[in-house]
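# Take a look and give me a structure for this.
(chains A, B, C and D)
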Number of protein chains: 2
Amino acid sequence: MATIRDVAASAGVGTATVSRVLNGYAGVRPATRDRVLQAARVLNYRANGVAKALATGKFRTAGLILPDVSNPFFPSLARGVEDAAHADGYAVIFGNADNVPEREAEYVGLLRDRLVDGMIIASTGAPAALAELVGDVPVVLLDRRVPGWRVSYVSTDHRLGARLAVQHLVARGHQRIAHLGGPEHVASAEDRLGGYREALLEAGIDPRAEWIARGPFSYESGYERMLHWIDSGLEISAVFAADDLIAIGALQACQDRGWAIPQRLALVGFDDTLLARLVRPRLTTVLQPAYQIGVQAWELLARHMADPGAPTSDVVVEPHLVIREST
Amino acid sequence: MATIRDVAASAGVGTATVSRVLNGYAGVRPATRDRVLQAARVLNYRANGVAKALATGKFRTAGLILPDVSNPFFPSLARGVEDAAHADGYAVIFGNADNVPEREAEYVGLLRDRLVDGMIIASTGAPAALAELVGDVPVVLLDRRVPGWRVSYVSTDHRLGARLAVQHLVARGHQRIAHLGGPEHVASAEDRLGGYREALLEAGIDPRAEWIARGPFSYESGYERMLHWIDSGLEISAVFAADDLIAIGALQACQDRGWAIPQRLALVGFDDTLLARLVRPRLTTVLQPAYQIGVQAWELLARHMADPGAPTSDVVVEPHLVIREST
DNA sequence: ATCATCGATGAAAGCGGTTTCATACTACCG
DNA sequence: CGGTAGTATGAAACCGCTTTCATCGATGAT
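Below you'll find the predicted structure:
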């Protein structure tokens, strides 16, 4: 692997000049510039990014930590981040925290050690502990606010999304609407639950405790909780699920027990992943623009990386209801 | 951010000793070791990974290039790679080539510049061009062999998988079996097509040209091709799709045109992604153990990183048929 | 008591870039 | 034609770590 010194020697100049040419600084005589370029080409020279990073303190690499890549929502988001980062010449190191806070912390440390220039974290656990780990690396947080930590956030208005979903069910004439919620202490899940409650109260419906069951954002969890409700004779006519995976699990449970959707039970999900369009009946759900959220997060991060003193901001993305066949 | 010099000064030793202690080399007096450890703790010291990489030539980071993260098969695979890498203390930088060969090449360059210790590439295009770009970084290739490039491979036996699928359809009494193939020049797609042909010939059926339509591995592509077949009156009773996404698109098309599955048309997919279980009727498909393939690829890569002279190997994974309701 | 041996340790030289700073050269001006 | 401002360039320091190699003191053998 050719080094900058090889190129310098081959072109008969100093390494400083090679560096100047290759980084496009003015003040190099055209003849010299050409010699350097030529030598670099001949030697098939590519600058060593690590050495560059050490010298400049910038690595042109960012970290992205996701709670669960198997949930189709996150690949879309990741792709948004990655496309935007890529356009800026940045690489993205991604870590899958697998919904385990320890693993998340581990990744943050790993990334910090790799000197990433910034991180985007879609946190699972309580990210307050992360603040210290992150140090002074610019960070953008997704879906979760940490009091006292001055970083930028981008988040969907989950509360609003949940209200849209429930209002839609109410408008369809439902009165007994249950909620298959997400895990506790996860901000998006909490907000969706809050929106569900609000919307019921607004409609003059008392949100009963037995209408709420919480659990992980997964197909299995949705399936089991719904099955349990059906088998225990819970009297409901509609369900708002905290995400599409849970909704689809529930849908499956209904089909296994012969509850027709939407006749016997109306069902609304959240996210609008590809899955929502694939299942039968197609799932009514709340759209969160995953890709754009990713792009947005990148833009914020890019700003903070360019100017560490830039004011933090708080981007709230509006969700929309997508009505399909399950309601 | 504290440096190794700060720790050395604080502990009253040289940087060499700090380095020795922190990397666990023997030959440091316990008293000294404790002083260093203590100082490191007080200063909240973490070694700068970039500097370490520059000094050692090892970054404990690997690259993973995937053609399309939206295809649920790849997140599973990625997770296998990542889990295994993580267990070895490696970080993985991943790149989404988006099925564009240029983008793939760009990523390979990006990774090489970042001095990754190794790469796992699930290539889209013709990866021969990559050989040069990669340089002497250890590589494991997924699903694709490049003549003359001495690297390790791991690949599912796509040909066998396709034969299992078609043999199953034949056993169910089908004679007019079409194939919704994957893109041209993509090894897995070619092999599956090959297996399809072989199985038909073995069954004494002549594989007609009009029974084969190729296109991208996507839902939309499956939908459109199937719709076109139905509308153009193609007489078939079964379809083997080159992957689950295509199969599910086709399934959708059938439902939109009132072709009952499996009565009017039997359908088999490939991959056994989560989707196959979610759609109705559930999809019969060929299982490829994505996660294990990822783990396997990592193990191969780890071997090559540890010993650049290690002999290359060629791991072939056996697929299995998973029979569900679509046949 | 003397000397060779050995273990513990630090100084310093890289790793491959960037960047400052001094210098050599040009060109322009009076 | 000398002086000066300005431009192009290279030497060398530096980024934070690892690692070699020399050194120093202690130990054990003679």
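# since we're on whatever residue of the stretch 201-327 of chain A ends up closest to DNA strand C, how many residues are nearby?
Nearest to DNA strand C in the stretch 201-327 of chain A, going by C-beta to the nearest atom of the strand, is A:Ala306, at a distance of 14.6 Å. Using the backbone N, CA and C atoms, a C-beta is placed for each residue, glycine as well. The tally of other residues near A:Ala306 (other C-beta atoms under 10 Å in any protein chain shown) stands at 12.
# what's the distance between A:Met129 and chain B?
In this structure residue A:129 is Ala, not Met. 14 Å (C-beta to the nearest C-beta, to the nearest Å).
# Now for the closest residue to that residue other than its chain neighbours: which residues touch it?
In this structure, A:Ala129 finds its nearest non-sequential neighbour in A:Ala105, 6.4 Å apart by C-beta to C-beta, 6 or more residues apart in numbering or on different chains. Residues near A:Ala105 by C-beta atoms under 8 Å, 6 or more residues apart in numbering or on different chains: A:Ala129, A:Leu130, A:Leu133.
# How is A:Ala105 assigned, secondary-structure-wise?
Here A:Ala105 is recorded as helix under DSSP: H, G, I helix; E, B strand; the rest coil.
# Tell me the residues of the stretch 1-150 of chain A that contact DNA strand C?
By C-beta under 7 Å from any atom of the strand, the residues of the stretch 1-150 of chain A that approach DNA strand C are A:1-5, A:15-16, A:18-20, A:22-23, A:45, A:47-48, A:51-52, A:54-56.
# Kindly supply the PyMOL command isolating those of those that are buried.
Buried subset of these, written as a PyMOL selection, criterion 16 or more other C-beta atoms under 10 Å in any protein chain shown:
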select buried, chain A and resi 2+4+18+19+20+22+45+47+48+51+52+54
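# same for DNA strand D: which of the residues of the stretch 1-150 of chain A next to DNA strand C are within range?
Within these, those near DNA strand D by C-beta under 7 Å from any atom of the strand are A:Thr15, A:Ala16, A:Arg20, A:Ala51, A:Leu54, A:Ala55.
# Closest to B:Ser10 out of those?
Relative to B:Ser10, the closest of these is A:Leu54; by C-beta to C-beta it sits at 22.7 Å.
# Confirm that the closest one sits in a helix.
Yes: A:Leu54 forms part of a helix when assessed by three-state DSSP.
# Show the contacting residues for it.
B:Asn48, B:Val50, B:Ala51, B:Leu54.
# Mind telling me what element the third one is part of?
The secondary structure element spanning B:Ala51 is helix B:49-56 (assigned by DSSP states H and E).
# What average pLDDT does that helix get?
Regarding helix B:49-56, the rounded mean pLDDT is 92.
# Extract the C-alpha set from that helix and format it as PDB.
Taking C-alpha atoms only, helix B:49-56 is exported to PDB below (Å, rounded to 0.1, in the frame of the first residue of the first chain):
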ATOM      1  CA  GLY B  49      -9.000   3.600  18.800                       C
ATOM      2  CA  VAL B  50      -7.700   5.500  15.800                       C
ATOM      3  CA  ALA B  51      -4.300   6.000  17.200                       C
ATOM      4  CA  LYS B  52      -4.200   2.400  18.200                       C
ATOM      5  CA  ALA B  53      -5.200   1.400  14.800                       C
ATOM      6  CA  LEU B  54      -2.500   3.500  13.200                       C
ATOM      7  CA  ALA B  55       0.100   2.000  15.500                       C
ATOM      8  CA  THR B  56      -0.900  -1.600  15.200                       C
END
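# Could you check the angle it makes with helix A:49-56?
Angle between the axes of helix B:49-56 and helix A:49-56 is 120 degrees (criterion: axes from the mean of the first three to the mean of the last three C-alpha atoms, to 10 degrees).
# I'd like the secondary structure assignment at A:Val36, please.
helix.
# give me the number of residues near it?
Close neighbours of A:Val36, defined as other C-beta under 10 Å, add up to 24.
# ditto for A:Ala247
Using other C-beta under 10 Å, A:Ala247 has 30 other residues around it.
# Since that was my last question, I'll sign off now.
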